[in-house]
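A.B. asks: pasted the sequence and its predicted model underneath.
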Amino acid sequence: MTMPAIVTIGRAVTQILTDKAAGGTPFATAVVVKFAYLPVYELADLTTAVLTVVPKALESELASRIGLDRHFHIDVALQCKTTADGAEADGQLDTLMALVGAVDDFIRATSLPDLDDVTWVGSTNNPIYSVEHLRKGVFTSVLTLTYRVIGGGS
């Protein structure tokens, strides 16, 4: 069975983030990278920052009489247990916010391996952080990546 294009793209995003996290120039903050359809974690699982890649949405529109322009949306959620309060908490949150920015910068500058017809066209960071999760001691920020494929993909 052929994997749907959105899953292929999501797994490729997972791979480049995993390679970056484990490589010679990793992110400034240690992260674990996972692909998941249902990203649900226990608080104890979030002592190290977790980047979860989740297929989100597909938009298609006619690009020509015979071609489609497809936009694949992939969520990359950063979650980490917060352990500090006051000024120390602000420092921890600043570090996690910087990590979200570094992930976005890295994604924007990195092609997906073996997917030459897939082009990054944008990112949205919404929520920048979840107030509801933060009140429960978890920093959560979601980057939605948009990749474009012209003429194909399912």
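C.D. replies: Thanks, I have it.
A.B. asks: which residues are in contact with residue 45?
C.D. replies: By C-beta atoms under 8 Å, 6 or more residues apart in numbering, the contact list for residue 45 is empty. The way it works is simple: take the backbone N, C-alpha and C, and place the C-beta from them, glycine included.
A.B. asks: helix, strand or coil for it?
C.D. replies: helix (DSSP: H, G, I helix; E, B strand; the rest coil).
A.B. asks: pLDDT score for it?
C.D. replies: Residue 45 carries a pLDDT value of 88.
A.B. asks: so how far is residue 68 from it?
C.D. replies: Going from residue 45 to residue 68 by C-beta to C-beta, to the nearest Å gives 39 Å.
A.B. asks: try residue 17
C.D. replies: On the measure of C-beta to C-beta, residue 17 and residue 68 end up 28 Å apart.
A.B. asks: and these two? which has more neighbours close in?
C.D. replies: Set residue 17 next to residue 68 and count neighbours by other C-beta atoms under 10 Å: residue 17 wins out with 22 against 14.
A.B. asks: so where's the protein uncertain?
C.D. replies: Counting by pLDDT under 70, the chain contains low-confidence ranges at 1, 84, 86-87, 151-154.
A.B. asks: where do the helices sit along this structure?
C.D. replies: 5-22, 86-109, 131-135 (DSSP state H).
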